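Colleague: have a look at this fold, sequence not included:
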């Protein structure tokens, strides 16, 4: 049965995005807020807000019991978790199911198994998806050395329960593998409460490519093409593009088929992303992980597909089958997204919370801004620093870069430091223009050049 | 000439008395709330007026002084520390010790205690049973 009243358990631009999608489907909306977000743009747009707790996320947005209680007691029959916070915690759909609320996401067991990287690799292997050479369990420092010797250096030690770069170490030889084991395991325990590690061959100069999926839990799975998210700093994406212009068509087809096969093998329900490492030199791709939620960068896929992924999520969570077949998904042009953060790039990306004294975003055909900011808005210091996503769409990559450059030049924000200037530098760089980038390019090349120029 | 009524005259008298007390006491600021009005005075360069601030955390704002006859009591508003359904409130008139439970909130199938930050007597139940109390919703007024 279609959702009538939706609870939005998130904040910022994604909360606004979800409210708008729900309102387009004639749903009522109830927004969870912390004390710091009582007057946010999303709070003004929602039909009702419920203040969960104080500003600290651990006592508000990250407490699943408060979230589900507020949803139930405000009469909601659906709950959208957005991204981050509780979006990939199985406890949230579990509590929703116990309280008669439709969760906009996968079943709890699917979240659990996909969230465990070792289990997810096993599922990918079973579905015939290529894996980067590696091993699943590294229990001791001696294991790390032995497996590293077998796989061939450099290798990457990763936390099984991890994400966001935490619990991740590169080792170039046996000694580094042993030392890296201790460091990665300690980091993993501190961040995730689980020190289990696995090891993969490290591909220098790899690209991060991911496939946007949608499944209805009734056997239907479609993809909306792939995204290239290779411009990263400390494993955090800054710029995302669709499609991956560096990938040849025959490989792209295999990539899409692999992602769909994996999603179909677990009868996947919801929007999801299957992430891959693309080894350009070898012309091979390897499975990384599945993100069982809507992602920050979903708008670039929406722009090339002309399709609203969040609305489709809401329809499917209400019990509807996919509204499109794969043949009906038509991808055209090129889209690029910049994540605009309130950070001072001259001071090692120090967060820059505060009040926006001037806000003048670009406008025009093929330009989209997903943001919860406006003139006079206050950026609280408690949450992540993203203040918006600027997305452009044009017939070709070159035209999209030109459009993005013009849009960034028009984007005036005062009162806080932002990453707008850095984005202009990135897209003006010859390596970006000629598409010769990789996941460590930003740090190894552009930011290193910047540092050199400043010295 | 402006005509003023008894209430306004009393308010002016109270404000003058307060100003005198402030000057004599050397205080930088004073805030009093009571049945005859709320007052806030501060010396230069001034500070945030607590009467205009929505307090948002347990145990609530600094205790205010309530004038009852010639005696003065502190009042303390006990607020919801998180969202929850009100299932029990201490009865009016009950004396409570510091840390004693004065309200209970249900969160799903769990009942969570809300303690008093100070000893006192329950002056009023502000919330109602079965209400969904959001964070910082006043639950109980305590006279300490």
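Modeller: Sure thing, it's come through. Keep in mind that what you see is a predicted model, and the values were worked out from it rather than measured.

Colleague: next, the distance between the ends of stretch B:79-91.
Modeller: Taking Cα to Cα, to the nearest Å, the first and last residues of stretch B:79-91 lie 16 Å apart.

Colleague: and what of stretch A:370-379?
Modeller: End-to-end for stretch A:370-379, by Cα to Cα: 16 Å.

Colleague: who in chain B is up against chain A?
Modeller: B:56-57, B:81-85, B:106-108, B:110, B:132, B:134-136 (Cβ under 8 Å from any Cβ of the partner chain). In short, each C-beta sits where N, CA and C put it, glycine included.

Colleague: so who does residue 122 touch?
Modeller: Because you didn't say which chain, this covers chain A. By Cβ atoms under 8 Å, 6 or more residues apart in numbering or on different chains, the contact list for residue A:122 reads residue A:136.

Colleague: wait, chain B was what I had in mind.
Modeller: B:90-94, B:96, B:102, B:140-142.

Colleague: just the ones of those in strands?
Modeller: Among the contacts of residue B:122, DSSP state E puts B:96, B:102, B:140-142 in strands.

Colleague: as JSON lines, those residues with pLDDT would be great.
Modeller: Formatted as JSON lines, those follow (pLDDT from 0 to 100):
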{"residue": "B:96", "pLDDT": "97"}
{"residue": "B:102", "pLDDT": "98"}
{"residue": "B:140", "pLDDT": "97"}
{"residue": "B:141", "pLDDT": "96"}
{"residue": "B:142", "pLDDT": "96"}
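
Colleague: out of these, what pair is the most spread apart?
Modeller: B:96 and B:141 (11.9 Å; Cβ to Cβ).

Colleague: just the buried members of the residues of chain B next to chain A?
Modeller: B:56, B:81-85, B:106-108, B:132, B:134-136 (16 or more other Cβ atoms under 10 Å in any protein chain shown).

Colleague: quick check: residue A:275 is in a strand.
Modeller: Yes - assessed by DSSP: H, G, I helix; E, B strand; the rest coil, residue A:275 belongs to a strand.

Colleague: domain ranges for chain B?
Modeller: According to automatic domain parsing, chain B is divided into the following domains: B:1-53, B:75-143.

Colleague: in the ones in strands among the contacts of residue B:122, which residue is surrounded by the most others?
Modeller: Neighbour tally across the ones in strands among the contacts of residue B:122 (other Cβ atoms under 10 Å in any protein chain shown): the maximum, 27 neighbours, falls on residue B:142.

Colleague: I'd say that residue and residue B:123 touch.
Modeller: Yes - checked against Cβ atoms under 8 Å, the pair residue B:142 and residue B:123 is within contact range at 6.3 Å.

Colleague: and for the two, which residues touch both?
Modeller: Counting by Cβ under 8 Å, 6+ apart, the residues touching both residue B:142 and residue B:123 are residue B:75.

Colleague: angles on the backbone of residue A:400, please.
Modeller: When read as degrees, to the nearest 10, the backbone of residue A:400 gives phi -70, psi -40.

Colleague: okay, and the beta partners of the residue nearest to it when sequence neighbours are not counted?
Modeller: Spatial nearest neighbour of residue A:400, chain neighbours left out: residue A:394 (4.0 Å); criterion: Cβ to Cβ, 6 or more residues apart in numbering or on different chains. Residues in a beta bridge with residue A:394, per DSSP bridges, are residue A:334.

Colleague: give the contact list for residue A:394.
Modeller: A:333-334, A:366, A:400, A:402-403.

Colleague: again with residue B:124
Modeller: Counted by Cβ under 8 Å, 6+ apart, residue B:124 has contacts B:92, B:140-141.

Colleague: got the phi/psi numbers for it?
Modeller: According to degrees, to the nearest 10, residue B:124 has phi -160, psi 150.

Colleague: quick revisit: quick check: the residue nearest to residue A:400 vs chain B, distance?
Modeller: Using Cβ to the nearest Cβ, to the nearest Å, one obtains 45 Å as the distance from residue A:394 to chain B.
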